[in-house]
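Chemist: sequence plus predicted model, see below.
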Amino acid sequence: MKWVGIIVAALALLALIVIGIGAALPQAHSATRAAHFSQPPETIWKTITTPEEFPSWRTGVKRVEILPNRNGHVSWREFDSHGGSMPYEIVEWTPPSRLVTRIANPNLPFGGTWTYQIQPSAGGACSTLRITENGEVYNPFFRFVSRFLIGYHATMDGYLRALGKKLGENVSLEN
């Protein structure tokens, strides 16, 4: 019986430490990743701006539902393999070089934008895609998890690798 009390107390202390560290972290963060592709900007642009095609190449996206425009912007909902979903909207659209998307649900414990910048190289035959996440994590527990367990770059890394696979390329990631 004594061990159960010690284990419960230790777990409670651990939870308090995690929440305390999370509360000390800034709510907002910014992270950037880039990858080079042997594709012209127009190919990259078409691939990343066609939500209905995301399930064919994006790991974890099982289904996409196109939603009515939100604030005059293209909007969609992505469904994952666990039954969860996330709404997004495009807030800036400058083909084929700049796209900004935002999580379109203000009631989540996190939010933010992804800014996609496509720069041509090799005379326009190749491209560099740079993604910058400007995120906010409101809940201190999730702030700790996103910073120390998942990492701010994990989702962007997976996205860029999946895009490379879709385009038949191995990509190396850089900040």
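Modeler: Yes, it's here.
Chemist: stretch 99-108: which residues count as buried?
Modeler: Leu99, Val100, Thr101, Arg102, Ile103, Ala104 (16 or more other CB atoms under 10 Å). (Glycine included, C-beta is placed from N, CA and C.)
Chemist: how near is Lys165 to Gln39?
Modeler: 13 Å (CB to CB, to the nearest Å).
Chemist: look at those two and report which has more neighbours.
Modeler: A direct count of neighbours by other CB atoms under 10 Å for Lys165 and Gln39 places Gln39 higher, at 21 against 14.
Chemist: so that one touches Leu129, yeah?
Modeler: No - using CB atoms under 8 Å, Gln39 makes no contact with Leu129, being 9.3 Å away.
Chemist: overlap in contacts of those two?
Modeler: With contacts taken as CB atoms under 8 Å, 6 or more residues apart in numbering, Gln39 and Leu129 have no neighbour in common.
Chemist: how about the helices in this protein?
Modeler: Ranges of helices in the chain, per DSSP state H, are 2-24, 41-48, 140-144, 154-166.
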